[in-house]
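*Asks:* show me the folded form of this:
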Amino acid sequence: MSDVFVSYKRENLAAVGRLVEALRAEGVGVWWDQDIPPNAPWEATIEQALAAAKLVIVAWSPASVASENVKAEARRARGQGRLLQVFVEACEPPLFFGERQGVDLKSWSGAVSESAFQTVLEAVRQGSAPSPLPAPKALDSQAPPLVVPSKPSIALLPFANLSGDPEQEYFADGMVEEIARALSRCRSLFVIGGASSLAFKGAGTTPQDAARALGVRYILEGSVRKAGGRVRIAVKLVDGADGTQVWADRFEDTLDDIFALQDRVALAVAGVMLPAIQEADLRRASGRPTDSLGSYDLGLRAMALYRSWKRDDVLAALDLLHRAIDLDPNHGPALGMASLCHGFVAIYNWSKDPQNDMSVAQDLASRALMVGRDDHDVLVSVSTAKVLAGDVAAATAFAQRALALNPGSSLAWIESGTVQALAGEGRRAIEDLETGLRLDPFSPWESVALGIRGLAHLTLAEFEQAATALKHSIQAQSGWPMPYALLAAACAQLGDLTSAGEALAGFRARTSIDPRTFVSNSFASIGSSDPAALALITDGVDIALGEKPPAEPR
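*Replies:* A predicted model of the protein is given here:
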């Protein structure tokens, strides 16, 4: 058995060779692929050496980051607690590896006396015999439960291996750690580390007992089954307070790239589970007396009101949000949502001083960024606030960062679709919106996605599709003024002036702003990239108002 297995790409042979030579000079047993004898079976030899090594050193570089073989070896080592990362060239590590500390060897000359190598050597000596996970302690039914954090909290129980193949245990355990890492990227969640969760492996712990022992509200259970070249992963989210099921789903794919599947499932679970947790917490908070609510619960109640997009509800949401911010000035989601509400109040003329509301909205967005720059939910709110202020370039940057932080977030994809539509990229906007709704088919933001999809179709002169999407948006949530203005334009372009007039009446019932002013201000960014696309909207509104002759029926 070797002390160390080295995973790397041939492009870095010289740098990795220096590391191997230096480690061997210090008495460390090292295996790398240069040790494979002639005519030996390549893959089987590597697999055997990888399984036998006590520690796996992965040498990251642009070439190794792009290598599926290196990433697969790194994932296995990480899942088994045997990974040591070093960087031999400047690069961004693969997804879920950036949160782990690595040793910088980019400038190392090869001398064993240099501090960079000594750091590697110390890590090898300390980690060459990793201690196993401690056996789970028996749960004391008399012990008081840990205090549950005020924000949503979750732990994962070890996934059951239903494959009948002990070799798949590492995959099931790795799945737990992958999902835990994906969830931990969202700062609005309190997540128990995957390694702590694995301490319950084989203990037969119930979700309620685990929640009580770990001090969390939610528990995620799961199972993995491998059969016929395919793998199926089933997951279930349970409320630890009463054992009720909040959400469940399953994922299935081929075993061609089992670690790529692992990544996809982790992102999908994180993206779908977060709204499920939010909805469950929202129902719980809605039944509590207002006077006893903390900052988080005030934010939840505000969200329920804000989603109606009705004037009185948005103003009531603002009151709750400012109370939440008074209790916790660093509550990023509350700051972000408050910036949205002030922005909506401004563009729909729902206050006596819209200009001041827009200024307050941008100030709140800046404060939200200061405390939530790495929270994808906060970034989505800030992106929308920038959209409302007409700064589509900034909105696009924030939307892209939100997606980079959590590619499984339905809301982040919907926001990406929004900024794409406003940038004049209608076809790409539709694709992003479809992705968002596919990730969360029952999303509370369905009305937004459909309304923006209607906008995208309208800019592409697809008036029938636009009208259909906008009608569905209104059916999903009738309080939002914007779809009515766009529906008036789409119907007018179709020659249906009766429906266009009804849509205009719906818009005027929800805001006092002139529809032409609203359209010109809200969609000006489209005109900067495609004036003809903007004209389809403005001309449609003018036709609906009787300011231009009707279009030919389509």
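*Asks:* please enumerate the helices of the stretch 1-150 of the chain.
*Replies:* Secondary structure of the stretch 1-150 of the chain by DSSP state H, counting those that start in this stretch: the helices cover 13-25, 42-52, 62-65, 68-79, 115-127.
*Asks:* would you turn the ones you listed into TSV with mean pLDDT, distance to Ala532 and mean neighbour count?
*Replies:* Yep, even glycine has a C-beta here, placed from its N, CA and C like the rest. Below are the helices of the stretch 1-150 of the chain laid out as TSV (pLDDT from 0 to 100; distance: least, CB to CB, whole Å; neighbours: other CB atoms under 10 Å):
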stretch	mean pLDDT	distance to Ala532	mean neighbour count
helix 13-25	90	54	17
helix 42-52	80	57	13
helix 62-65	90	42	19
helix 68-79	79	44	20
helix 115-127	84	58	16
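*Asks:* out of those, which is closest to Ala304?
*Replies:* helix 68-79 (39.6 Å; CB to CB).
*Asks:* isn't Arg24 up against Trp31?
*Replies:* No. Counting by CB atoms under 8 Å, Arg24 sits too far from Trp31 to count as a contact (10.6 Å).
*Asks:* where exactly do the helices run in the stretch 301-450 of the chain?
*Replies:* Going by DSSP H, counting those that start in this stretch, the stretch 301-450 of the chain shows helices at 311-327, 332-347, 354-372, 376-388, 392-405, 410-422, 426-439, 446-459.
*Asks:* and the second one, what does it pack onto?
*Replies:* Where contact means 3 or more CB pairs under 8 Å, 6 or more residues apart in numbering; DSSP states H and E, helix 332-347 is packed against helix 295-306, helix 311-327, helix 354-372, helix 376-388, helix 515-522.
*Asks:* the longest one too?
*Replies:* In terms of contacts (3+ CB pairs under 8 Å, 6+ apart), helix 354-372 is packed against helix 332-347, helix 376-388.
*Asks:* which stretch among the ones you listed comes nearest Glu114?
*Replies:* helix 376-388 (39.2 Å).
*Asks:* that closest one: which residues count as buried?
*Replies:* Buried residues in helix 376-388, counted by 16 or more other CB atoms under 10 Å: 376-388.
*Asks:* need these in TSV with pLDDT, can you?
*Replies:* As requested, the buried residues of helix 376-388 are arranged in TSV below (pLDDT from 0 to 100):
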residue	pLDDT
His376	81
Asp377	83
Val378	88
Leu379	91
Val380	91
Ser381	91
Val382	92
Ser383	93
Thr384	91
Ala385	90
Lys386	90
Val387	90
Leu388	88
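*Asks:* just give the nearest non-adjacent residue to Ala316, would you?
*Replies:* The shortest distance from Ala316 to any non-neighbouring residue, by CB to CB, 6 or more residues apart in numbering, is to Leu305 (5.2 Å).
*Asks:* check contacts around the one you found.
*Replies:* Residues counted as contacts of Leu305 (CB atoms under 8 Å, 6 or more residues apart in numbering) are Asp313, Val314, Ala316, Ala317, Leu320.
*Asks:* which intervals of the stretch 451-554 of the chain have sub-threshold pLDDT?
*Replies:* The stretch 451-554 of the chain contains residues with pLDDT under 70 at 551-554.
*Asks:* how about the strands in it?
*Replies:* For the stretch 451-554 of the chain, strands defined by DSSP state E, counting those that start in this stretch do not occur.
*Asks:* can you tell me which of the helices of the stretch 1-150 of the chain is nearest to Ser529?
*Replies:* Of those, the one closest to Ser529 (CB to CB) turns out to be helix 62-65, at 33.1 Å.
*Asks:* quick one: closest of the helices of the stretch 1-150 of the chain to Trp247.
*Replies:* helix 68-79 (24.9 Å).
*Asks:* packing partners for the closest one?
*Replies:* When contacts are defined as 3+ CB pairs under 8 Å, 6+ apart, helix 68-79 sits against strand 4-7, helix 42-52, strand 55-60, helix 62-65, strand 83-87, helix 169-184, helix 258-286.
*Asks:* recalculate using a threshold of 6 Å.
*Replies:* helix 169-184 (3 or more CB pairs under 6 Å, 6 or more residues apart in numbering; DSSP states H and E).
*Asks:* next secondary structure after the helix it packs on?
*Replies:* Sequence-wise, the next helix or strand downstream of helix 169-184 (DSSP states H and E) is strand 190-191.
*Asks:* okay, now the sheet partners of that next one, with direction.
*Replies:* strand 153-156 (parallel) (DSSP bridges).
*Asks:* who touches the strand it pairs with?
*Replies:* Val176, Ala180, Phe190, Val191, Ile192, Ser197, Leu214, Val216, Arg217, Tyr218, Ile219, Leu220 (CB atoms under 6 Å, 6 or more residues apart in numbering).
*Asks:* rerun at 7 Å
*Replies:* 176, 179-180, 183, 189-192, 194, 197, 210, 214, 216-220 (CB atoms under 7 Å, 6 or more residues apart in numbering).
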